[in-house]
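Asker: model the following, please.
(one chain, ligands or ions: 1)
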Amino acid sequence: MSNVGEHVQKATTVPHVIKEEVIAAGQWVKLEKTTYVDPSGSTRTWETAKRTTRQTNCDGVGIFALLKRTLHKDCVVMVKQFRPPMGCYTLEFPAGLIDENESAEAAALRELKEETGYQGEVVGVTPVTCLDPGLSNCTTTIIMVNINGDDPANIHPTQQLADGEFVDVLLLPLNEFQNKIDDLLKKENIVVDSKVYIYAMGMTQALAKPNELPVLKQ
Ligand SMILES: Nc1nc(=O)[nH]c2c1ncn2[C@H]1C[C@H](O)[C@@H](COP(=O)(O)OP(=O)(O)O)O1
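Answerer: Below is the predicted model:
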């Protein structure tokens, strides 16, 4: 690893992709060989995974949904499901792919209703963000949603799951988000999504130690 200013090779070129060749393709995912010019001007290749379903520059949405109820702590609505690529259960924000001609906001409200049964309103939208850029071009937009838990539509939420979908809904109090996740990880063989855990760490930092520096250098 080199520090800033210690690069062996000089960056002389604006890096860019020159060719994308499909090596293998399935119904949902394809593997490509990406030929690109690196910052030193050398031509190189990279193995890239892509979704076949992409409609725009954004594959899907993640939903940060906050359930607000009278006399209850605000809770983050989470989903637990068996993820075949991981071979285990995961703890994630509700999420899904954006359909053709669908906005990210509409996809978020639809996926939230399908996966959790809750009806919410959009209160915030992130930019398009990358998910695993060393492997794939997959992107997501995180949509912030508030759920009025006192609304009759949200008293007994009913999921609308498709065939083959098995989703458990978990409500985790926002003010204990990281602790509740840690408890779950100790109890169950489950992997937490990195977006979820970094959000939880941020909440802990913001609530418990707002004035403490994250890293104190000696
Ligand atoms: N990589 C995938 N392989 C599959 O065999 N099937 C897949 C993949 N990605 C998505 N899907 C299928 C599963 C669902 O039937 C649809 C929609 O998934 P969606 O609910 O939008 O997204 P997730 O909740 O993130 O699975 O696509």
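
Asker: list the buried residues of the helix or strand of the chain with the lowest mean pLDDT.
Answerer: Within the chain, confidence by mean pLDDT, DSSP states H and E is lowest for helix 194-208 among all helices and strands, at a mean of 95. Residues of helix 194-208 classed as buried: 195-197, 199-200, 203 (neighbour count, 16 or more other Cβ atoms under 10 Å). (Each C-beta comes from the backbone N, C-alpha and C, glycine too.)

Asker: try stretch 147-159
Answerer: 147-149, 154, 157, 159.

Asker: next step: these restricted to strands.
Answerer: 147-148 (DSSP state E).

Asker: between the buried residues of stretch 147-159, which sits nearest the ligand?
Answerer: residue 159 (12.0 Å; Cβ to the nearest ligand atom).

Asker: and the closest one, how far from residue 146?
Answerer: 19 Å (Cβ to Cβ, to the nearest Å).

Asker: and for residue 59?
Answerer: For residue 59, the distance to residue 146 - Cβ to Cβ - is 25 Å.

Asker: which of these two has more neighbours?
Answerer: The residue with more neighbours, out of residue 59 and residue 146, is residue 59; 21 against 16, by other Cβ atoms under 10 Å.

Asker: for the more buried one, what are phi and psi?
Answerer: Backbone torsions for residue 59, taken as degrees, to the nearest 10, come to phi -80, psi -40.

Asker: for residue 180, helix, strand, or coil?
Answerer: Three-state call for residue 180 (DSSP: H, G, I helix; E, B strand; the rest coil): helix.

Asker: counting neighbours, what do you get for it?
Answerer: 19.

Asker: not counting sequence-adjacent ones, nearest residue to it?
Answerer: residue 172 (4.5 Å; Cβ to Cβ, 6 or more residues apart in numbering).

Asker: one more: residue 188?
Answerer: residue 89 (6.9 Å).

Asker: what about that neighbour, how many residues nearby?
Answerer: Other residues close to residue 89 by other Cβ under 10 Å number 16.
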